[in-house]
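*Asks:* Sequence first, predicted coordinates after that:
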Amino acid sequence: MLALVLLFAAGGPLPEADAPLPATPEATIAEGTRVVEALASAFPTDPDALEVLARCHLLRGSTAEAAATWKKCLALNPRYAYACAGLGAAALRRGDHREAAQWFRQAVEFAPRAYGFREDLADALINAGQVDEAIAVLTELVARSPRSARAFDLLGMAYAHAGRHAEAKQSYLQAARLDPHHAGIRLGLANALARLGEAEEARKYMDEFRRLRDEERKRRQTDLRQYNDLAAVRAEFAQLYTSAAQVFHAHGKAEKAETLWRRSAALDPTAIACRQALAWRSRQAGKLAETVRLLEELSALEPANPSYDLEIARLRLDLNQIAEAEAALQRLCRRSPKLAEGHAALARLYLKIGRKSDEAVAAARRAAALAPSAAHWTLVAEACQAAGDASGAVSAMEKAVAADPGSLELRERYEQLRAKK
C-alpha cells in the first residue's frame with residue numbers, strides 16, 4: 001500500500017520514508033522497480049543511475065535487460081568498472097566463464113584498487129581453465145591484500161589445478177588461518193596434503209572438513225527454516241535504494257537522498273550504509289539527538305567498529321549527557337580493550353568533568369601502555385596532576401618528552417612540572 005508518495009523532479013514515484021512498507025515480495029519488487037526506473041529517467045546520462053537500474057533487472061531475473069543496461073553505462077563511460085563487473089556477473093549466470101573473465105579483466109583494469117574484482121576475475125579464470133593467469137592475478141592480489149581468505153583459497157585452488165601441490169598447501173594453510181570456519185578450504189588443504197604424501201595431516205584436515213561441513217549443513221537447515229522471502233527481498237532493495245540515494249545526493253538532491261536512505265533503513269533493520277549516511281546528514285544539520293540514535297543503532301550492528309562509540313561519547317558530551325557519554329566509552333573499552341584511543345577518551349572525559357581522578361589516571365595509563373605516544377604520556381601527566389600526584393606527573397612528562405624529543409612545548413611543560421614539584 002503506497003498511499004504516500006512524492007514525485008521526482010523528472011516524474012515518477014518516490015515512496016515517503018514513513019509510508020507503509022510493501023506487504024509482499026512482489027509489491028516490494030514493484031515499488032523498487034518504479035523507484036530505479038524513475039531514477040534512470042531523471043538522470044539518463046549518468047552511468048551510476050543506469051547501473052542501479054541494471055542491478056534491479058538482475059535481481060528480477062532479467063539477465064538480458066541487465067546486460068543491455070550495463071552496456072548503456074559503457075556507452076556513456078567506456079571505462080566504467082562497475083558495468084564491466086556487472087557484465088561479468090551476467091556472463092557467469094549464463095555459465096560463460098571465458099566471457100566473464102574478459103569483463104572482469106576490464107573491471108580490474110579500470111578499478112585496480114577494487115580487490116573484489118580481482119577475486120572474481122581469478123575465479124572465472126580458474127573455471128575457464130586459464131590457471132596460469134589466475135595464479136598471476138592472485139599472487140599479486142595476496143601481496144596487496146594479505147587478509148583476504150577468499151584470495152588465498154582461490155590461489156590454493158589454482159595451484160592445485162596446476163599440479164603445484166606444495167604451493168597449494170601453503171595457500172590453503174593461510175586461507176584456513178584467516179577463515180577458521182570455512183569447510184571447503186579444509187577439503188582443498190586435505191587434498192593437497194594427500195597429494196604430497198602427508199597422510200596424517202591430510203586425515204586431520206579431512207576430519208575438520210567433515211565437522212565444519214556438518215556445522216554448515218545445520219546452519220543452512222536453520223536458515224531455510226527461518227528464511228523469510230519478504231525480508232530477503234526487502235534487504236536486496238534496501239541496497240538499491242541506498243545506491244539510488246547516493247546518485248540523488250551527487251546531483252544535489254539531498255532531500256530525496258535522505259528520503260531513500262530512510263526508506264532503505266525501514267526496509268532492512270540491519271542495513272549499515274544507509275544509517276551511516278543518515279547519521280552524517282543529521283550531524284551536518286546539527287541534529288545531535290538524532291545522530292546519537294543512529295550511531296547507537298550502528299554500534300549495535302557493528303560492535304567491533306570503535307568509531308561509533310567514540311562519536312557517541314563526543315555528541316553526548318555536547319548534549320551535556322555525561323553519564324551516557326561515560327557509558328558509551330566504558331562499553332567501547334569492554335569491547336575493544338586493546339584500543340588505546342578508547343581508554344584515552346575515557347580519561348579525557350573524567351578530566352573534563354573534574355571527577356573520578358583515580359579512574360582518569362588508570363585509563364590514561366592503559367592508553368599509554370597500549371600506545372606509548374607523547375600525547376598519551378601527556379594525558380597521564382594531566383591525570384596525575386588532577387589526582388594530586390606531582391611525582392607521577394613529572395615521570396609521565398619525562399616519558400612524553402622522550403617520545404617526542406623535538407617538541408619545545410613538551411619540554412617546557414616538563415620543566416614547569418619539575419619546578420612545581
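*Replies:* It's in.

*Asks:* can you pull out the helices in the stretch 301-421 of the chain?
*Replies:* 306-318, 322-335, 340-353, 357-370, 374-386, 390-403, 408-420 (DSSP state H, counting those that start in this stretch).

*Asks:* hmm, who's touching the first one?
*Replies:* Applying CB atoms under 8 Å, 6 or more residues apart in numbering, the external contacts of helix 306-318 come out as 283, 288, 291-292, 295-296, 298-299, 302, 322, 324-326, 328-329, 331-332, 335-336, 339, 341-342, 345, 349, 352. Placement of C-beta: from N, CA and C, glycine included.

*Asks:* Might you list the low-confidence residue ranges for the stretch 101-250 of the chain?
*Replies:* 223-227 (pLDDT under 70).

*Asks:* quick one, helices of it?
*Replies:* 115-127, 131-144, 149-161, 165-178, 183-195, 199-226, 229-250.

*Asks:* just checking, what packs against the third one?
*Replies:* This means helix 149-161. helix 115-127, helix 131-144, helix 165-178, helix 183-195 (3 or more CB pairs under 8 Å, 6 or more residues apart in numbering; DSSP states H and E).

*Asks:* From the rest of the structure, what touches that helix?
*Replies:* 115, 118-119, 122-123, 125-126, 131, 134-135, 138-139, 141-142, 145, 165, 167-169, 171-172, 174-175, 178-179, 182, 184-185, 188-189, 191-192, 195.

*Asks:* Dump the helices of the stretch 101-250 of the chain to a markdown table, plus mean neighbour count.
*Replies:* Below are the helices of the stretch 101-250 of the chain laid out as a markdown table (neighbours: other CB atoms under 10 Å):
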| stretch | mean neighbour count |
| --- | --- |
| helix 115-127 | 23 |
| helix 131-144 | 18 |
| helix 149-161 | 24 |
| helix 165-178 | 20 |
| helix 183-195 | 22 |
| helix 199-226 | 13 |
| helix 229-250 | 21 |
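
*Asks:* and residue 69, which of the ones you listed is closest to it?
*Replies:* helix 229-250 (13.1 Å; CB to CB).

*Asks:* one step back: take the helices and strands packed on helix 149-161 and lay them out in a markdown table including distance to residue 266.
*Replies:* Shown next, in a markdown table, are those (distance: least, CB to CB, whole Å):
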| stretch | distance to residue 266 |
| --- | --- |
| helix 115-127 | 28 |
| helix 131-144 | 38 |
| helix 165-178 | 35 |
| helix 183-195 | 36 |
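
*Asks:* nearest spatial neighbour of residue 342, skipping sequence neighbours?
*Replies:* Using CB to CB, 6 or more residues apart in numbering and skipping residues adjacent in sequence, the residue nearest residue 342 is residue 332, 4.3 Å away.

*Asks:* Wait, that neighbour touches residue 344, no?
*Replies:* No. With contact defined as CB atoms under 8 Å, residue 332 does not reach residue 344; the gap is 11.0 Å.

*Asks:* one step back: of all the helices and strands packed on helix 149-161, which one comes closest to residue 78?
*Replies:* Between the helices and strands packed on helix 149-161, helix 115-127 lies closest to residue 78; by CB to CB that is 16.6 Å.

*Asks:* looking just at contacts, which helices and strands does the closest one meet?
*Replies:* Against helix 115-127 (3+ CB pairs under 8 Å, 6+ apart) you get helix 81-93, helix 97-110, helix 131-144, helix 149-161.

*Asks:* So what's the gap between the first one and the chain middle?
*Replies:* Translated: helix 81-93. 22 Å (CA atoms, centre = their mean, to the nearest Å).

*Asks:* Okay, buried residues for that helix please.
*Replies:* 81-92 (16 or more other CB atoms under 10 Å).

*Asks:* on that earlier part again, any chance of JSON lines for the helices and strands packed on helix 115-127, columns distance to residue 317?
*Replies:* As requested, the helices and strands packed on helix 115-127 are exported to JSON lines (distance: least, CB to CB, whole Å):
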{"stretch": "helix 81-93", "distance to residue 317": "41"}
{"stretch": "helix 97-110", "distance to residue 317": "44"}
{"stretch": "helix 131-144", "distance to residue 317": "40"}
{"stretch": "helix 149-161", "distance to residue 317": "39"}
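
*Asks:* Relative to residue 36, which of those helices is closest?
*Replies:* Comparing the helices and strands packed on helix 115-127 by CB to CB, helix 81-93 comes nearest, at 13.9 Å.

*Asks:* most neighbours per residue, which of the helices of the stretch 301-421 of the chain?
*Replies:* helix 374-386 (a mean of 23; mean count of other CB atoms under 10 Å).
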